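# What follows is a protein structure lacking sequence information:
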């Protein structure tokens with residue numbers, strides 16, 4: 001999660017560099033779009049990271065309190081968090097690829 005956050009922050013810096021150049025109206029709209037997407041995805045990363053930390057504490061508690069057994073709810077939450085992670089990862093890869101194309105067209 002940290003590497004994705006760092007990558008998005010680097011993309012934001014690159015976007016600021018591009019925003020300082022003369023741009024067409026369409027390019028300015030793209031700059032605004034990517035700025036918003038980076039902000040939203042950084043929030044999503046933070047939220048998922050916090051949910052994973054909370055889940056980890058719950059898993060550790062249940063493992064200690066119930067002789068290594070997890071509740072069905074915890075197992076379901078674990079699977080849900082994994083699905084959220086995979087979905088976020090897919091979104092971030094798509095955003096990265098689209099942004100790279102935008103950067104290549106803007107240079």
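Cool, got the structure. Not measured: the values here are computed from a predicted model. Residues are numbered from 1 along each chain as shown.
# and the residue nearest in space to the middle of the chain, helix, strand or coil?
A centroid search over the chain (CA atoms, centre = their mean) returns residue 45, at 3.9 Å, as the residue closest to the centre. Here residue 45 is recorded as helix under DSSP: H, G, I helix; E, B strand; the rest coil.
# quick one: contacts for the spatially closest residue to it that is not a sequence neighbour?
Using CB to CB, 6 or more residues apart in numbering and skipping residues adjacent in sequence, the residue nearest residue 45 is residue 5, 5.2 Å away. The way it works is simple: take the backbone N, C-alpha and C, and place the C-beta from them, glycine included. When contacts are counted by CB atoms under 8 Å, 6 or more residues apart in numbering, residue 5 touches 42, 45, 46.
# Which helix or strand contains the residue of the chain positioned farthest from its centre?
Residue farthest from the centre of the chain, counting by CA atoms, centre = their mean, is residue 67 at 34.6 Å. Using DSSP states H and E, residue 67 is not contained in any helix or strand.
# Please read off the pLDDT at it from the model.
Residue 67 carries a pLDDT value of 91.
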